[in-house]
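# how would this look folded up:
(one chain, ligands or ions: 1)
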Amino acid sequence: MRQSLVAGNWKLNGSLSSISELVSGIREQLSSVKNAELAVCPPYIYLSHVQTLLDGSGISLGAQDCSDQENGAYTGEVAAAMVKEFACKYVIIGHSERRHIYGDTNEKVATKFAHVVKNRLTPILCVGETLQEREDGHTEVVISKQINAVLDLFGIEAFKNAVIAYEPVWAIGTGKVASPTQAQEVHEEIRLTLDAQNKDIAANMRILYGGSMKPENAKELLQQPDIDGGLIGGAALKAEDFIGIALAAN
Ligand code: 13P
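The predicted structure is shown next:
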């Protein structure tokens, strides 16, 4: 039985005061969430602040990325081992904004994935196609390349405690959401790719949907057999919406 995970990716948003307000809003409504696991992924600089705010709440903490290097002369980078020191459980890797704006290649994402696993953190590996790729019928190829980049280098065992997030690039921050059928098709395909290598790992893998998930559309998406939660952007910045999605995952 896979426990649903609803993770908020706060991206480049928040301040000390707005984050305090957001976390206290989430905590106030938390008792209604019975079954889903919740996680929040603030910008690195706020990890320590949020770690304190989450104390005793049962909500997990995550980082939005990490370096593909362990340490050394890499100005501006943050290593997986550093993130680990702030009680993070999750690290988002390969988000489409990292891939498309900051040039993270499949190979770089795979290296980051390995650092996350080596530090006993759980990677949330993001995969997804652009609108052009979907229209050209390349969705499956693009996503298997993104997954195979990790599989080929580190093998199926590296996925043992991982989470995968399917985030169609055309649905991120656009208000356009994949239909439950479109999302289920891709989620099923991802599970089958893993199943070909290891049935247990595939069966236990939590595959999240991300891309304009809101309380209004969450239920239908989360009812699909291979959708095990959500990676939430905009709606994770409002306590009521974030909790609304978590309730749909209950
Ligand atoms: P939105 O929910 O704002 O579309 O963002 C999704 C996302 O990118 C989560 O990582």
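
# Now for whatever residue of the chain ends up closest to the ligand: which residues touch it?
In the chain, the residue that lies nearest the ligand is residue 233 (2.2 Å; CB to the nearest ligand atom). Where C-beta positions appear, they are placed from N, C-alpha and C, glycine not excepted. Applying CB atoms under 8 Å, 6 or more residues apart in numbering, one finds that residue 233 lies in contact with 9, 11, 172-173, 210, 212.

# export those residues to TSV and tack on neighbour count?
As requested, the contacts of residue 233 are arranged in TSV below (neighbours: other CB atoms under 10 Å):
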residue	neighbour count
9	27
11	19
172	22
173	12
210	26
212	21
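
# What pLDDT does the model give the residue nearest to residue 8 when sequence neighbours are not counted?
Nearest non-adjacent residue to residue 8, counting by CB to CB, 6 or more residues apart in numbering: residue 236, 2.8 Å away. At residue 236, the model reports a pLDDT of 98.

# This protein: helices as residue ranges?
With DSSP state H as the criterion, the chain has helices at 16-29, 47-54, 80-84, 96-101, 106-118, 131-135, 139-154, 180-195, 199-204, 215-222, 239-248.

# Going by neighbour count, which residues in the fourth one are buried?
Of the residues in helix 96-101, those with enough neighbours to count as buried (16 or more other CB atoms under 10 Å) are 96-99.

# between those residues, which is closest to residue 20?
Set against residue 20, the nearest of those by CB to CB is residue 97 (25.2 Å).

# quick one: the residue lying closest to the closest one once chain neighbours are set aside from residue 96, how far?
Nearest non-adjacent residue to residue 97, counting by CB to CB, 6+ apart: residue 11, 7.3 Å away. Residue 11 sits 11 Å away from residue 96 when distances are taken as CB to CB, to the nearest Å.

# what's the first-to-last distance across stretch 150-168?
End-to-end span of stretch 150-168 (CA to CA, to the nearest Å): 19 Å.

# does any part of that stretch sit near the ligand?
Yes - applying CB under 6 Å from any ligand atom, one finds stretch 150-168 touching the ligand at residue 167.

# List of residues touching that stretch?
For stretch 150-168, contacts defined as CB under 8 Å, 6+ apart pick out 5, 7, 90, 92, 95-96, 109-110, 113-114, 117, 122-129, 134, 143, 147, 178, 182-183, 186-187, 190, 194, 197-198, 201, 205-211, 231.

# List only buried entries from the residues you listed.
Looks like the contacts of stretch 150-168 have 5, 7, 90, 92, 95-96, 109-110, 113-114, 117, 122-129, 134, 143, 147, 178, 183, 186-187, 190, 194, 198, 201, 205-211, 231 buried, using 16+ other CB under 10 Å.
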